[in-house]
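K.L.:
After the sequence you'll find the predicted model.
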Amino acid sequence: MSIKNKAVFLDRDGVLNQEMGDYVRRFEDFHILNNFDALKALQSKGYLLIVATNQGGLAKGWYTEDELAKMHTYLKAEYQKRGVVITDIFYCPHHPDFTGDCDCRKPKPGLLLQGIEKYNIDPSKSYFIGDRDRDIEAATAAGVKGILVDSDQPLSEVLGMID
């Protein structure tokens, strides 16, 4: 039996980057929050860092996959410069008003379940940090411990909640 990994899943908007109304639509508006030290501390405890984010603005046509890829490449590179590895980014491109129902849009657990399967993660030893109730609902549905943060709260304040 192989040893399973543990992970901290992270919502993107309001946790890793500044919330901009409903959606960050342009790369120019994508501003990373200074949570480098907190994520480095989690990484040093052996956690994989995985982003799980709803990106319904894609379904609405507010931005393109290319624009989103630019944001995610930049996010990973900025953290990498500071010694933090973001293992993966899972996103839901759907919006119920435009594409109908799906299994990946939070509060459903699909994005977390993708990460759990792909990286052999033990949900009982993992966490999801988000700034909305739907993030916590997704965590619970995936068997992961949810931690609700205020978008103005530095992640260093929640480090004590994570083993």
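P.N.:
In hand now; what should we look at? This one's a predicted model, so the numbers in the text were calculated from it and none came from an experiment.
K.L.:
what about the strands in this protein?
P.N.:
6-10, 47-54, 86-92, 127-130, 145-148 (DSSP state E).
K.L.:
With mean neighbour count, mean pLDDT and distance to Pro154 added, can I get these in JSON lines?
P.N.:
All C-beta spots, glycine's among them, are computed from the backbone N, C-alpha and C. JSON lines is the format used below for the strands of the chain (neighbours: other CB atoms under 10 Å; pLDDT from 0 to 100; distance: least, CB to CB, whole Å):
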{"stretch": "strand 6-10", "mean neighbour count": "26", "mean pLDDT": "98", "distance to Pro154": "13"}
{"stretch": "strand 47-54", "mean neighbour count": "24", "mean pLDDT": "97", "distance to Pro154": "16"}
{"stretch": "strand 86-92", "mean neighbour count": "20", "mean pLDDT": "98", "distance to Pro154": "18"}
{"stretch": "strand 127-130", "mean neighbour count": "27", "mean pLDDT": "97", "distance to Pro154": "12"}
{"stretch": "strand 145-148", "mean neighbour count": "18", "mean pLDDT": "96", "distance to Pro154": "13"}
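K.L.:
could I get those strands as TSV with distance to Gly160?
P.N.:
Formatted as TSV, the strands of the chain follow (distance: least, CB to CB, whole Å):
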stretch	distance to Gly160
strand 6-10	14
strand 47-54	15
strand 86-92	22
strand 127-130	12
strand 145-148	11
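K.L.:
among those strands, which is nearest Glu28?
P.N.:
For these, proximity to Glu28 was assessed by CB to CB; strand 47-54 is nearest, at 18.7 Å.
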